[in-house]
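Trainee: got a sequence here, can you model it:
(one chain, ligands or ions: 1)
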Amino acid sequence: MHKPYSDRNSPDANHASGEKFVLAHLSDPHIACESPVQKRDLLNKRLLGYLKWRLFRKRAHRDEILSILREDLKTTAPDHIAVTGDLTHLGLPAEFRKAQLWLQSLGSPDQVTVVPGNHDAYVRSDWNETFAWWLDYMVSDRPDRQGTRISGLDDLFPTLRVRGRIALIGVCSARPSAPHLAIGTVGDPQLHRLETVLKQTAAQGLFRIMAIHHPPLPGIESWRRSLTDAHSLRTLVARCGVELILHGHLEKAAHHTLDTPSGRTTVVGATSASSSSLAYERRARYYVFSLMASENAWDVHMAQRVYSPDARCFIPGKEQHYQVYTPGTQRSTLQATARFNPQQKGAF
Ligand SMILES: [Fe+2]
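Mentor: Alright, predicted model coming up:
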């Protein structure tokens, strides 16, 4: 298996105080297949999605940009990569297999963590023909239900992968929904298990990163594209805390905050990694987070890599540096300094 990055991201790596952990976050590659789609595959919600893809989205997402992004990742050399959903367009078995090959080109399952998006769960589908192909990229380090057969997303999430002092917590918001809807739901059983994971990882003093497809924020999406139980998830975050939230789905760069017991946590939304949009805030991009623990806090440096249609490569975008005080520390202020390139416009 191709292993392009350093072995610093071994699950056993010790990211002690002063040692840096680099995480890349990308989202919504919308990998589609050029091969003809079977008529039987379109006798449902997929028909509308297929027509939309033929009319608009085929030109809006380009595999070529994903290849350029993969080359750029070799220069940023992250320890780990988080992919926050919508890897496919219609959730077709052929798209799942193509996306699996793309994941393998990014790194091994130990190096890449995936959560699904609404496009991946477009309609109810056969587990073995779809999500089973990505299982190694989604599953927890030590599945809670060892010995039980995983045959659905509900058996899997939330997931927990620990890399040194970093906890990568995967939350699934992907559910099949009616035509014209792109909603997501976490669901009470998953929220209940998530509370346990958040409390355990806080007690271990880990820097907790939550990866979810739908943004858990109010008022930034229409109801038909929203997370239906976002309020419950925000309430849980307000009670148990989390140090960083990564999402996709918006397809434009987004940067918000949510209140937690130890201060405000940053919520970052990535654009589509394959976007061919010329509008700056919708251009393909990915985020590079450099996390370093000090005695009482974490130094976080966040930098964008943004696709330049002219240069046909990824170039540096906006950067931000701030500190996060984890539970147990007295100070709870988010201190941020940002370096913005005046040539670049748009939301963070
Ligand atoms: Fe989505």
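Trainee: quick check: which element contains Leu73?
Mentor: helix 63-76 (DSSP states H and E).
Trainee: swap in Arg161?
Mentor: With DSSP H and E as the criterion, the answer for Arg161 is strand 159-163.
Trainee: in its sheet, what does that strand sit against?
Mentor: Applying DSSP bridges, strand 159-163 is found paired with strand 166-170 (antiparallel).
Trainee: alpha carbons of the partner strand, as PDB, please.
Mentor: Once non-C-alpha atoms are left out, strand 166-170 reads as follows in PDB (Å, rounded to 0.1, in the frame of the first residue of the first chain):
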ATOM      1  CA  ILE A 166      -4.600  13.800  19.900                       C
ATOM      2  CA  ALA A 167      -8.100  12.200  20.000                       C
ATOM      3  CA  LEU A 168      -9.800  12.100  16.600                       C
ATOM      4  CA  ILE A 169     -13.500  11.600  17.200                       C
ATOM      5  CA  GLY A 170     -15.600  10.700  14.200                       C
END
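Trainee: one step back: which outside residues touch the strand holding Arg161?
Mentor: Applying CB atoms under 8 Å, 6 or more residues apart in numbering, the set of residues contacting strand 159-163 from outside is 9, 11, 13, 15, 21, 79-80, 113, 115, 138-141, 167-170, 197, 201, 206. Every residue, glycine included, has its C-beta placed from N, CA and C.
Trainee: same question for stretch 183-192.
Mentor: Identification of contacts with stretch 183-192 by CB under 8 Å, 6+ apart yields 117-118, 154, 157-158, 171-175, 177, 194, 212-214, 223-229, 232-233, 236, 249.
Trainee: all strands for the stretch 101-250 of the chain, in order.
Mentor: Per DSSP state E, counting those that start in this stretch, the stretch 101-250 of the chain carries strands over the ranges 112-115, 159-163, 166-170, 207-211, 244-247.
Trainee: now tabulate those in a markdown table and tack on mean neighbour count, distance to the ion and mean pLDDT.
Mentor: Shown next, in a markdown table, are these (neighbours: other CB atoms under 10 Å; distance: least, CB to the ion, whole Å; pLDDT from 0 to 100):
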| stretch | mean neighbour count | distance to the ion | mean pLDDT |
| --- | --- | --- | --- |
| strand 112-115 | 27 | 11 | 98 |
| strand 159-163 | 22 | 19 | 97 |
| strand 166-170 | 25 | 16 | 98 |
| strand 207-211 | 26 | 14 | 97 |
| strand 244-247 | 27 | 9 | 98 |
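Trainee: how about those strands in CSV, adding distance to Ser27?
Mentor: As requested, the strands of the stretch 101-250 of the chain are exported to CSV (distance: least, CB to CB, whole Å):
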stretch, distance to Ser27
strand 112-115, 10
strand 159-163, 17
strand 166-170, 13
strand 207-211, 9
strand 244-247, 7
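Trainee: select, out of the ones you listed, the one closest to Met302.
Mentor: Nearest of the strands of the stretch 101-250 of the chain to Met302, taken as CB to CB: strand 244-247 at 9.0 Å.
Trainee: elements contacting that closest one?
Mentor: Where contact means 3 or more CB pairs under 8 Å, 6 or more residues apart in numbering; DSSP states H and E, strand 244-247 is packed against strand 80-84, strand 207-211, strand 263-269.
Trainee: circling back: if any of the contacts of stretch 183-192 are buried, put those into a ChimeraX selection.
Mentor: A single ChimeraX command selects the buried members of the contacts of stretch 183-192 (16 or more other CB atoms under 10 Å):
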select :117,118,157,158,171,172,173,174,175,177,194,212,213,214,225,226,227,228,229,232,233,236,249
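Trainee: ok, and of the contacts of stretch 183-192, which contact the ion?
Mentor: 117-118, 249 (CB under 5 Å from the ion).
Trainee: was I right about Ser173 contacting Ile212?
Mentor: Yes: look at Ser173 against Ile212 with CB atoms under 8 Å: they come within range, at 5.5 Å.
Trainee: I'd like the distance between Ser27 and His180.
Mentor: Here the criterion is CB to CB, to the nearest Å. By it, Ser27 lies 22 Å from His180.
Trainee: quick one, which of these two is more surrounded?
Mentor: Ser27 (30 against 8; other CB atoms under 10 Å).
Trainee: coming back round to it: angle of the strand holding Arg161 against strand 80-84?
Mentor: Here strand 159-163 points in a direction 160 degrees away from that of strand 80-84 (axes from the mean of the first three to the mean of the last three CA atoms, to 10 degrees).
Trainee: next step: the contacts of stretch 183-192 restricted to helices.
Mentor: If you go by DSSP state H, the contacts of stretch 183-192 have 194, 232-233, 236 in helices.
Trainee: what distance separates the start and the end of stretch 243-260?
Mentor: 9 Å (CA to CA, to the nearest Å).
Trainee: do stretch 305-317 as well
Mentor: Taking CA to CA, stretch 305-317 runs 5 Å from one end to the other.
Trainee: whichever strand or helix holds Val300 packs against which elements?
Mentor: Taking DSSP H and E as the definition, one finds Val300 inside strand 298-308. Contacts defined by 3+ CB pairs under 8 Å, 6+ apart place strand 298-308 against helix 63-76, strand 263-269, strand 285-293, strand 313-324.
Trainee: off-centre distance for the shortest one?
Mentor: Mean-position distance between strand 263-269 and its chain equals 14 Å (CA atoms, centre = their mean, to the nearest Å).
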